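1. Any chance you can model this:
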Amino acid sequence: MLGPWVLRYSTLFLLPASIVILALFLGSSSSLARSLPSLTKIKNYSYLFKPTQPSPSMPKAPVYFFSHGGPDVQYNTEHPVYPILQSIGKEITQKVKPKAVVVFSAHWQAESNEIHLNNAEKTDLIYDFYGFPPKFYKATFPNKGSPALASQILTLLSNAGIKAKGLKRGPDHGVFSGFNVAFSPEENPLNCPLVQVSLFKNEDPDAHYRLGQAVAALRDENIVIIGTGMTVHNLRDMGSSWGNPKPLPYSVSFDKALKEAVEADPAVRQERMAAVTKRPDARQAHPWMDHLMPAYVAAGAAGEDKGVQTWTLHESSFAWGQYRFGKVPA
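-> Numbers count the residues shown, from 1 in each chain. Next up is the predicted model:
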(Lines give C-alpha, C1' and ligand atoms only; values in the text may rest on other atoms or scores of the structure.)
Protein backbone atom coordinates (compact mmCIF):
# COMPACT_ATOMS: atom_id res chain seq x y z
CA MET A 1 0.00 0.00 0.00
CA LEU A 2 2.85 2.42 0.77
CA GLY A 3 4.81 1.69 -2.42
CA PRO A 4 3.01 4.00 -4.87
CA TRP A 5 2.66 6.72 -2.22
CA VAL A 6 6.38 6.70 -1.47
CA LEU A 7 7.29 6.79 -5.15
CA ARG A 8 4.96 9.70 -5.79
CA TYR A 9 6.10 11.89 -2.90
CA SER A 10 9.71 10.81 -2.37
CA THR A 11 11.18 13.67 -4.38
CA LEU A 12 9.21 16.15 -2.27
CA PHE A 13 11.00 14.96 0.87
CA LEU A 14 14.45 14.09 -0.45
CA LEU A 15 15.34 17.59 -1.65
CA PRO A 16 14.46 19.43 1.62
CA ALA A 17 16.05 16.65 3.66
CA SER A 18 19.30 16.80 1.69
CA ILE A 19 19.52 20.56 2.23
CA VAL A 20 19.07 20.15 5.99
CA ILE A 21 21.70 17.40 6.19
CA LEU A 22 24.16 19.51 4.19
CA ALA A 23 23.58 22.48 6.48
CA LEU A 24 24.22 20.36 9.57
CA PHE A 25 27.36 18.96 8.04
CA LEU A 26 28.71 22.47 7.34
CA GLY A 27 27.86 23.65 10.82
CA SER A 28 25.46 26.10 12.37
CA SER A 29 27.65 29.04 11.49
CA SER A 30 27.46 28.39 7.76
CA SER A 31 25.42 30.75 5.59
CA LEU A 32 23.30 27.82 4.40
CA ALA A 33 22.37 26.85 7.96
CA ARG A 34 21.54 30.42 8.89
CA SER A 35 19.27 30.70 5.85
CA LEU A 36 17.10 27.77 6.96
CA PRO A 37 14.04 28.70 9.07
CA SER A 38 13.73 27.17 12.50
CA LEU A 39 11.57 24.06 12.37
CA THR A 40 9.55 25.40 15.25
CA LYS A 41 8.67 28.49 13.23
CA ILE A 42 7.37 26.62 10.21
CA LYS A 43 3.59 26.53 10.50
CA ASN A 44 2.58 25.24 7.08
CA TYR A 45 4.04 22.12 5.46
CA SER A 46 1.18 21.74 3.00
CA TYR A 47 3.46 22.38 0.04
CA LEU A 48 5.19 19.10 0.82
CA PHE A 49 1.97 17.14 0.36
CA LYS A 50 0.65 18.73 -2.80
CA PRO A 51 -0.34 15.80 -5.08
CA THR A 52 1.00 15.58 -8.58
CA GLN A 53 -1.35 16.42 -11.42
CA PRO A 54 -2.88 13.52 -13.38
CA SER A 55 -0.83 12.49 -16.35
CA PRO A 56 -2.18 13.66 -19.72
CA SER A 57 -1.84 10.06 -20.87
CA MET A 58 -4.21 8.78 -18.17
CA PRO A 59 -6.98 6.84 -19.98
CA LYS A 60 -10.38 8.44 -20.16
CA ALA A 61 -13.56 6.59 -19.27
CA PRO A 62 -15.26 5.15 -22.36
CA VAL A 63 -18.59 6.52 -23.57
CA TYR A 64 -21.58 4.30 -24.39
CA PHE A 65 -24.83 4.36 -26.32
CA PHE A 66 -27.48 1.87 -25.22
CA SER A 67 -30.41 0.90 -27.41
CA HIS A 68 -32.67 0.44 -24.40
CA GLY A 69 -35.90 -0.98 -25.83
CA GLY A 70 -39.29 -0.56 -24.19
CA PRO A 71 -40.45 -0.93 -20.58
CA ASP A 72 -40.62 -4.70 -21.14
CA VAL A 73 -36.89 -5.12 -21.75
CA GLN A 74 -36.14 -5.86 -18.11
CA TYR A 75 -38.72 -8.65 -18.05
CA ASN A 76 -38.10 -10.18 -21.47
CA THR A 77 -35.12 -12.35 -20.55
CA GLU A 78 -35.44 -14.36 -23.79
CA HIS A 79 -34.88 -11.36 -26.04
CA PRO A 80 -31.43 -11.39 -27.73
CA VAL A 81 -30.57 -7.95 -26.33
CA TYR A 82 -30.89 -9.12 -22.72
CA PRO A 83 -27.49 -10.87 -22.41
CA ILE A 84 -25.90 -8.09 -24.49
CA LEU A 85 -26.94 -5.40 -22.03
CA GLN A 86 -25.83 -7.64 -19.17
CA SER A 87 -22.40 -7.98 -20.75
CA ILE A 88 -22.02 -4.23 -21.33
CA GLY A 89 -23.06 -3.54 -17.75
CA LYS A 90 -20.46 -5.94 -16.37
CA GLU A 91 -17.81 -4.34 -18.58
CA ILE A 92 -18.62 -0.99 -17.00
CA THR A 93 -18.78 -2.13 -13.37
CA GLN A 94 -15.92 -4.66 -13.44
CA LYS A 95 -13.43 -3.06 -15.84
CA VAL A 96 -14.17 0.66 -15.98
CA LYS A 97 -15.32 0.90 -12.34
CA PRO A 98 -16.72 4.42 -12.74
CA LYS A 99 -16.73 7.13 -10.14
CA ALA A 100 -20.21 8.07 -11.38
CA VAL A 101 -22.52 7.71 -14.38
CA VAL A 102 -24.10 10.56 -16.33
CA VAL A 103 -26.96 9.48 -18.58
CA PHE A 104 -28.84 11.23 -21.40
CA SER A 105 -32.19 9.55 -22.09
CA ALA A 106 -34.42 9.84 -25.14
CA HIS A 107 -37.34 10.26 -22.76
CA TRP A 108 -36.32 13.61 -21.30
CA GLN A 109 -36.38 16.59 -23.63
CA ALA A 110 -36.30 19.89 -21.75
CA GLU A 111 -36.61 22.98 -23.94
CA SER A 112 -35.45 23.83 -27.44
CA ASN A 113 -32.55 25.92 -26.15
CA GLU A 114 -32.16 24.80 -22.53
CA ILE A 115 -30.92 21.68 -20.79
CA HIS A 116 -32.28 20.41 -17.48
CA LEU A 117 -30.67 17.91 -15.12
CA ASN A 118 -31.48 16.21 -11.87
CA ASN A 119 -29.67 17.81 -8.94
CA ALA A 120 -31.44 15.91 -6.16
CA GLU A 121 -29.95 12.98 -4.31
CA LYS A 122 -33.18 11.02 -3.82
CA THR A 123 -35.94 10.79 -6.44
CA ASP A 124 -38.75 8.46 -7.48
CA LEU A 125 -38.82 6.64 -10.79
CA ILE A 126 -40.95 8.06 -13.60
CA TYR A 127 -43.27 5.51 -15.24
CA ASP A 128 -43.54 7.37 -18.53
CA PHE A 129 -45.56 4.75 -20.43
CA TYR A 130 -49.10 3.42 -20.53
CA GLY A 131 -51.02 0.26 -21.38
CA PHE A 132 -48.61 -2.20 -19.77
CA PRO A 133 -49.26 -4.87 -17.09
CA PRO A 134 -49.49 -3.61 -13.48
CA LYS A 135 -46.07 -5.02 -12.50
CA PHE A 136 -44.40 -2.61 -14.93
CA TYR A 137 -45.54 0.25 -12.70
CA LYS A 138 -43.97 -1.36 -9.66
CA ALA A 139 -40.51 -1.56 -11.16
CA THR A 140 -37.69 -0.31 -8.97
CA PHE A 141 -34.09 0.66 -9.56
CA PRO A 142 -31.82 1.78 -6.71
CA ASN A 143 -30.23 5.08 -7.65
CA LYS A 144 -28.60 7.96 -5.86
CA GLY A 145 -28.05 11.35 -7.39
CA SER A 146 -25.13 13.68 -6.71
CA PRO A 147 -25.83 17.40 -6.16
CA ALA A 148 -22.08 18.05 -6.36
CA LEU A 149 -21.74 16.35 -9.75
CA ALA A 150 -24.88 18.09 -10.98
CA SER A 151 -23.34 21.42 -10.04
CA GLN A 152 -20.15 20.48 -11.87
CA ILE A 153 -22.15 19.62 -15.00
CA LEU A 154 -24.00 22.95 -14.83
CA THR A 155 -20.64 24.73 -14.73
CA LEU A 156 -19.38 22.79 -17.75
CA LEU A 157 -22.54 23.60 -19.70
CA SER A 158 -22.35 27.27 -18.75
CA ASN A 159 -18.72 27.43 -19.83
CA ALA A 160 -19.78 26.00 -23.20
CA GLY A 161 -22.48 28.64 -23.60
CA ILE A 162 -25.33 26.18 -23.04
CA LYS A 163 -28.25 27.40 -20.97
CA ALA A 164 -29.10 24.89 -18.24
CA LYS A 165 -30.72 24.50 -14.85
CA GLY A 166 -31.00 21.85 -12.15
CA LEU A 167 -34.23 20.45 -10.75
CA LYS A 168 -35.59 17.34 -9.07
CA ARG A 169 -36.53 14.60 -11.52
CA GLY A 170 -36.29 10.83 -11.21
CA PRO A 171 -35.01 8.39 -13.84
CA ASP A 172 -37.47 7.56 -16.63
CA HIS A 173 -37.85 4.16 -18.27
CA GLY A 174 -35.21 5.08 -20.87
CA VAL A 175 -32.84 4.74 -17.93
CA PHE A 176 -34.26 2.29 -15.39
CA SER A 177 -35.62 -0.35 -17.79
CA GLY A 178 -32.31 -0.97 -19.56
CA PHE A 179 -30.24 -0.30 -16.46
CA ASN A 180 -32.14 -3.00 -14.58
CA VAL A 181 -30.65 -5.41 -17.11
CA ALA A 182 -27.17 -3.89 -17.43
CA PHE A 183 -26.84 -3.09 -13.73
CA SER A 184 -29.02 -5.67 -12.04
CA PRO A 185 -29.32 -4.69 -8.36
CA GLU A 186 -28.92 -8.34 -7.39
CA GLU A 187 -26.23 -9.49 -9.83
CA ASN A 188 -24.32 -6.40 -10.96
CA PRO A 189 -25.19 -3.29 -8.92
CA LEU A 190 -23.94 0.04 -10.20
CA ASN A 191 -22.84 1.27 -6.76
CA CYS A 192 -22.03 4.84 -7.81
CA PRO A 193 -23.93 8.12 -8.20
CA LEU A 194 -26.21 8.49 -11.22
CA VAL A 195 -27.10 11.88 -12.69
CA GLN A 196 -29.59 12.13 -15.55
CA VAL A 197 -29.34 15.05 -17.97
CA SER A 198 -31.98 16.01 -20.53
CA LEU A 199 -31.75 16.47 -24.26
CA PHE A 200 -32.78 19.61 -26.07
CA LYS A 201 -36.36 19.56 -27.26
CA ASN A 202 -35.26 19.74 -30.85
CA GLU A 203 -33.81 17.50 -33.57
CA ASP A 204 -30.57 19.40 -34.16
CA PRO A 205 -27.77 16.81 -34.39
CA ASP A 206 -25.02 19.43 -34.06
CA ALA A 207 -26.58 20.96 -30.94
CA HIS A 208 -26.62 17.53 -29.31
CA TYR A 209 -23.10 16.77 -30.50
CA ARG A 210 -21.93 20.01 -28.85
CA LEU A 211 -23.85 19.03 -25.70
CA GLY A 212 -21.71 15.91 -25.51
CA GLN A 213 -18.55 17.92 -26.13
CA ALA A 214 -19.47 20.24 -23.26
CA VAL A 215 -19.44 17.42 -20.69
CA ALA A 216 -16.56 15.41 -22.18
CA ALA A 217 -14.15 16.56 -19.43
CA LEU A 218 -16.04 14.35 -16.95
CA ARG A 219 -14.36 11.37 -18.58
CA ASP A 220 -11.02 12.51 -17.16
CA GLU A 221 -12.43 11.76 -13.71
CA ASN A 222 -13.52 8.24 -14.71
CA ILE A 223 -17.14 9.29 -15.03
CA VAL A 224 -18.97 7.21 -17.62
CA ILE A 225 -21.30 9.02 -20.01
CA ILE A 226 -24.17 6.97 -21.48
CA GLY A 227 -26.77 7.93 -24.07
CA THR A 228 -29.89 5.77 -24.20
CA GLY A 229 -32.32 5.55 -27.12
CA MET A 230 -32.66 3.33 -30.20
CA THR A 231 -30.79 3.36 -33.49
CA VAL A 232 -34.12 2.83 -35.30
CA HIS A 233 -37.40 3.61 -33.54
CA ASN A 234 -40.76 3.75 -35.32
CA LEU A 235 -43.70 3.02 -33.03
CA ARG A 236 -46.21 3.89 -35.74
CA ASP A 237 -45.08 1.04 -37.98
CA MET A 238 -44.81 -1.33 -35.04
CA GLY A 239 -48.60 -1.68 -35.05
CA SER A 240 -48.79 -2.70 -38.67
CA SER A 241 -46.03 -5.30 -38.25
CA TRP A 242 -47.13 -6.62 -34.87
CA GLY A 243 -45.98 -10.17 -34.26
CA ASN A 244 -43.68 -10.18 -37.28
CA PRO A 245 -40.02 -9.69 -36.32
CA LYS A 246 -38.91 -9.44 -39.95
CA PRO A 247 -37.12 -6.08 -40.25
CA LEU A 248 -38.60 -3.38 -42.42
CA PRO A 249 -36.13 -2.18 -45.09
CA TYR A 250 -35.36 1.12 -43.38
CA SER A 251 -34.47 -0.66 -40.13
CA VAL A 252 -31.54 -2.23 -41.94
CA SER A 253 -30.50 0.62 -44.23
CA PHE A 254 -30.59 3.39 -41.62
CA ASP A 255 -28.87 1.32 -38.94
CA LYS A 256 -26.04 0.51 -41.35
CA ALA A 257 -25.69 4.15 -42.42
CA LEU A 258 -25.51 5.26 -38.79
CA LYS A 259 -22.84 2.65 -38.08
CA GLU A 260 -20.67 3.92 -40.93
CA ALA A 261 -21.01 7.49 -39.67
CA VAL A 262 -20.31 6.68 -36.02
CA GLU A 263 -17.29 4.56 -36.92
CA ALA A 264 -15.85 7.24 -39.23
CA ASP A 265 -12.64 9.06 -38.33
CA PRO A 266 -13.45 11.38 -35.39
CA ALA A 267 -12.24 14.34 -37.45
CA VAL A 268 -15.22 13.93 -39.81
CA ARG A 269 -17.63 12.05 -37.53
CA GLN A 270 -19.83 15.02 -36.61
CA GLU A 271 -20.33 15.93 -40.27
CA ARG A 272 -21.03 12.34 -41.28
CA MET A 273 -23.49 11.82 -38.45
CA ALA A 274 -25.33 15.03 -39.24
CA ALA A 275 -25.71 13.89 -42.85
CA VAL A 276 -27.38 10.67 -41.68
CA THR A 277 -30.34 12.65 -40.34
CA LYS A 278 -31.01 13.96 -43.86
CA ARG A 279 -31.14 10.56 -45.56
CA PRO A 280 -34.36 9.64 -47.43
CA ASP A 281 -35.02 6.85 -44.92
CA ALA A 282 -34.34 8.98 -41.83
CA ARG A 283 -37.98 9.92 -41.21
CA GLN A 284 -39.03 6.32 -41.56
CA ALA A 285 -36.41 5.21 -39.06
CA HIS A 286 -37.21 8.09 -36.71
CA PRO A 287 -40.51 9.92 -37.23
CA TRP A 288 -39.33 12.00 -34.27
CA MET A 289 -35.61 11.88 -33.56
CA ASP A 290 -35.69 11.83 -29.76
CA HIS A 291 -34.36 8.26 -29.67
CA LEU A 292 -31.52 9.11 -32.06
CA MET A 293 -30.16 12.29 -30.44
CA PRO A 294 -28.54 10.52 -27.43
CA ALA A 295 -26.17 8.84 -29.91
CA TYR A 296 -25.01 12.31 -30.96
CA VAL A 297 -24.43 13.32 -27.35
CA ALA A 298 -22.34 10.19 -26.84
CA ALA A 299 -20.33 10.81 -30.01
CA GLY A 300 -19.69 14.42 -29.00
CA ALA A 301 -18.48 13.36 -25.56
CA ALA A 302 -16.11 10.89 -27.21
CA GLY A 303 -13.88 13.65 -28.57
CA GLU A 304 -11.03 12.12 -30.56
CA ASP A 305 -11.87 8.57 -29.50
CA LYS A 306 -13.24 6.29 -32.19
CA GLY A 307 -16.65 4.69 -31.97
CA VAL A 308 -17.50 1.07 -32.62
CA GLN A 309 -20.79 -0.75 -32.96
CA THR A 310 -20.50 -3.63 -30.51
CA TRP A 311 -23.81 -5.30 -31.46
CA THR A 312 -27.03 -4.73 -33.35
CA LEU A 313 -30.31 -6.42 -34.23
CA HIS A 314 -32.86 -5.48 -36.87
CA GLU A 315 -36.35 -6.30 -35.68
CA SER A 316 -39.56 -5.07 -37.24
CA SER A 317 -39.48 -1.24 -37.15
CA PHE A 318 -36.56 -1.10 -34.72
CA ALA A 319 -32.81 -1.50 -34.62
CA TRP A 320 -30.85 -2.21 -31.46
CA GLY A 321 -27.38 -0.82 -32.21
CA GLN A 322 -25.06 -0.69 -29.18
CA TYR A 323 -21.98 1.55 -29.29
CA ARG A 324 -18.82 2.20 -27.31
CA PHE A 325 -16.38 5.07 -27.78
CA GLY A 326 -12.87 4.83 -26.40
CA LYS A 327 -10.91 2.04 -24.79
CA VAL A 328 -11.85 -0.23 -21.92
CA PRO A 329 -9.20 -0.78 -19.22
CA ALA A 330 -7.54 -4.19 -19.49
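
2. Identify the residues contacting the closest residue in space to G303 that isn't next to it in sequence.
-> Leaving out its chain neighbours, the residue that sits closest to G303 by C-beta to C-beta, 6 or more residues apart in numbering is A216, at 5.2 Å. No exception for glycine: its C-beta is placed from N, CA and C like everyone else's. Listed by C-beta atoms under 8 Å, 6 or more residues apart in numbering, the contact partners of A216 are I225, G300, A301, A302, G303.

3. top of these by neighbour count?
-> Within the contacts of A216, most neighbours by other C-beta atoms under 10 Å means A301, with 30 neighbours.

4. What about the spatially most central residue of the chain? Give its phi and psi, please.
-> Most central in the chain under C-alpha atoms, centre = their mean is I225, positioned 0.5 Å from the mean C-alpha point. For I225, the backbone dihedrals (degrees, to the nearest 10) come out as phi -100, psi 130.

5. same thing with V195?
-> When read as degrees, to the nearest 10, the backbone of V195 gives phi -120, psi 120.

6. residues near it, how many?
-> The tally of other residues near V195 (other C-beta under 10 Å) stands at 26.

7. for it, what are its contacts?
-> For V195, the contacting residues are A100, V101, V102, V103, L117, N118, N119, G145, S146, L149, A150, I153, by C-beta under 8 Å, 6+ apart.

8. Equivalent analysis for E203, please.
-> E203 is in contact with T277, W288, M289, M293, counting by C-beta under 8 Å, 6+ apart.

9. Show me the helices in this protein, by range?
-> 2-26, 31-35, 81-91, 147-159, 173-182, 205-215, 235-240, 249-262, 266-276, 282-285, 293-301 (DSSP state H).

10. how far is the third one from where the chain is centred?
-> For helix 81-91, the separation from the chain centroid amounts to 16 Å (computed by C-alpha atoms, centre = their mean, to the nearest Å).

11. which secondary structure elements does that helix contact?
-> strand 63-67, helix 173-182, strand 307-311, strand 322-325 (3 or more C-beta pairs under 8 Å, 6 or more residues apart in numbering; DSSP states H and E).

12. Check which helices and strands the first one is in contact with.
-> Judged by 3+ C-beta pairs under 8 Å, 6+ apart, strand 63-67 is in contact with helix 81-91, strand 223-229, helix 293-301, strand 322-325.

13. Give the pairing partners of that strand; include direction for each.
-> Sheet pairing of strand 63-67 (DSSP bridges) gives strand 223-229 (parallel), strand 322-325 (antiparallel).

14. per-residue confidence averaged over it?
-> Across strand 63-67, pLDDT averages out at 99.

15. How about the last one?
-> The predicted model gives strand 322-325 an average pLDDT of 98.

16. Also the third one?
-> Across strand 307-311, pLDDT averages out at 98.

17. Return the set of buried residues in it.
-> By 16 or more other C-beta atoms under 10 Å, the buried positions in strand 307-311 come out as G307, Q309, W311.

18. for the first one, same thing?
-> Burial within strand 63-67, assessed by neighbour count using 16+ other C-beta under 10 Å, is assigned to V63, Y64, F65, F66, S67.
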